[in-house]
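J.: coords below, sequence missing:
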């Protein structure tokens, strides 16, 4: 299979792109889809490695679809800011053109501050931690879809796996105060990961499009906390300008239901978001390629009061062996 219209980006990264995690304190992962097996990039059998960095500064409180100021809506905690620096190491192996598996190992670097309102006093509380997050193990199966026009060939596939409770969920600050459960690097739960995708070349030279749907469904409660179900839809267009340079544009939709349990904050968790994610990729060599995306919100709706970001970035490098 030709690597130019079908490839020229990076190796297969996650078998299911990380779904965003939104809560009152603002822990988050970028919603951009870097599932390159979905996008037809290097689907040949063999090992691949991807390293991705995300930066998300959530400094804008919102209520519903409206931006609000810090403390504008009275609450026990006035959320101020959360800075997320997320790192993902993905090890992918394609057993054949149809079957493959991915292991995603995240590392969370997170700073959070909020104002604690107690008996008329306001106290600034902060957390700054650097810990591994919840690992994801996913498999995939895909099949080619024939077309009367060879240039319009495509494929469809399914992804399936688990998010494992490998990340801490009891991190405290310097004063020994535990972070809110939605802020922790891990949820403590095992989640099912399910998805389906379709990709097809377009009649324009070097152009293709894809669509993927996915769900993350917690299977248990851990220490009186269960995160909400998450559902997402990603659709994107890519244009291979040269054998090395490609341009991309994605639209991403995410829905998250409210968290539940005595340690949750159901009134300030869950919501919906639609974002646009333009991006670029460049092949340094036939086996080593880099990419970058900027993510911009188009529409957001949150339950209660939550921190959101006005922009975020994701960048990475991939190699095939």
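T.: Looks like it came in fine. Every value quoted in this text rests on a predicted model; they were computed, and no experiment measured them.

J.: which is the next helix or strand following the helix or strand of the chain with the lowest mean pLDDT?
T.: Of the helices and strands making up the chain, the lowest-confidence element is helix 3-6, at a mean of 36, by mean pLDDT, DSSP states H and E. Using DSSP states H and E, the next helix or strand after helix 3-6 towards the C-terminus is strand 46-64.

J.: Quick check: buried residues in that next one?
T.: For strand 46-64, burial by neighbour count (16 or more other Cβ atoms under 10 Å) applies to 48-63. C-betas here are computed from N, CA, C, even on glycine.

J.: from those residues, which is closest to residue 143?
T.: Closest to residue 143 out of those is residue 48 (19.9 Å), distances taken as Cβ to Cβ.

J.: distance of that closest one from residue 298?
T.: 32 Å (Cβ to Cβ, to the nearest Å).

J.: Which pLDDT value goes with the residue nearest to residue 164 when sequence neighbours are not counted?
T.: Nearest non-adjacent residue to residue 164, counting by Cβ to Cβ, 6 or more residues apart in numbering: residue 135, 4.8 Å away. The model reports residue 135 with a pLDDT of 97.

J.: To what extent is residue 135 buried, counted in neighbours?
T.: Look at residue 135: counted by other Cβ atoms under 10 Å, it has 16 neighbours.

J.: Could you pull up phi and psi at it?
T.: Main-chain dihedrals, residue 135, degrees, to the nearest 10: phi -70, psi 150.

J.: I'd guessed residue 303 sits against residue 265; true?
T.: No: look at residue 303 against residue 265 with Cβ atoms under 8 Å: they stay out of range, at 9.5 Å.

J.: about what we covered before: how about the residue nearest to residue 164, what does it touch?
T.: By Cβ atoms under 8 Å, 6 or more residues apart in numbering, the residues touching residue 135 are 103, 104, 105, 106, 163, 164, 166.

J.: could you check the distance from the first one over to residue 315?
T.: Counting by Cβ to Cβ, the gap between residue 103 and residue 315 amounts to 21 Å.

J.: Equivalent analysis for the last one, please.
T.: Note on residue 166: its distance to residue 315, by Cβ to Cβ, is 24 Å.

J.: Check the secondary structure at residue 182 for me.
T.: helix (DSSP: H, G, I helix; E, B strand; the rest coil).

J.: Surely it and residue 264 touch.
T.: Yes: the criterion here is Cβ under 8 Å, and residue 182 meets it with residue 264 at 7.4 Å.

J.: so what sits against both of those two?
T.: Common neighbours of residue 182 and residue 264 (Cβ under 8 Å, 6+ apart) are residue 227.

J.: Distance of residue 257 relative to residue 218?
T.: 10 Å.

J.: which of those two has more neighbours?
T.: Ranked by neighbour count (other Cβ under 10 Å), residue 257 and residue 218 place residue 218 first, with 21 against 15.

J.: The more buried one pairs with what?
T.: residue 191 (DSSP bridges).

J.: now swap in residue 233 and tell me
T.: residue 213, residue 253.

J.: Is the nearest residue to residue 214 once chain neighbours are set aside within a helix or a strand, and which one?
T.: Excluding the flanking residues, the one nearest residue 214 by Cβ to Cβ, 6+ apart is residue 195, at 3.8 Å. Using DSSP H and E, residue 195 falls within strand 191-201.

J.: tell me which residues in that strand are buried?
T.: So for strand 191-201, counting by 16+ other Cβ under 10 Å, buried means 191, 193, 194, 195, 197, 198, 199, 200, 201.

J.: what residues are up against the third one?
T.: For residue 194, the contacting residues are 16, 158, 159, 160, 214, 215, 217, by Cβ under 8 Å, 6+ apart.

J.: one more time with 6 Å
T.: 160, 215 (Cβ atoms under 6 Å, 6 or more residues apart in numbering).

J.: Low-confidence regions, the stretch 51-200 of the chain specifically.
T.: Scanning the stretch 51-200 of the chain for pLDDT under 70 picks out the ranges 150-151.

J.: give me that answer again for 80
T.: 119-120, 146-153 (pLDDT under 80).

J.: need the strands for it, in chain order.
T.: Per DSSP state E, counting those that start in this stretch, the stretch 51-200 of the chain carries strands over the ranges 66-67, 77-94, 99-118, 121-132, 136-145, 154-163, 191-201.

J.: Out of those, which is closest to residue 249?
T.: strand 191-201 (15.0 Å).

J.: what's the angle between that closest one and strand 136-145?
T.: 30 degrees (axes from the mean of the first three to the mean of the last three Cα atoms, to 10 degrees).

J.: quick one: which helix or strand includes residue 208?
T.: With DSSP H and E as the criterion, residue 208 is inside strand 207-218.

J.: now that strand against strand 154-163, angle please.
T.: Using the same axes, to 10 degrees: strand 207-218 against strand 154-163 is 20 degrees.

J.: Show me what strand 207-218 packs onto, helices and strands only.
T.: strand 191-201, strand 230-240 (3 or more Cβ pairs under 6 Å, 6 or more residues apart in numbering; DSSP states H and E).
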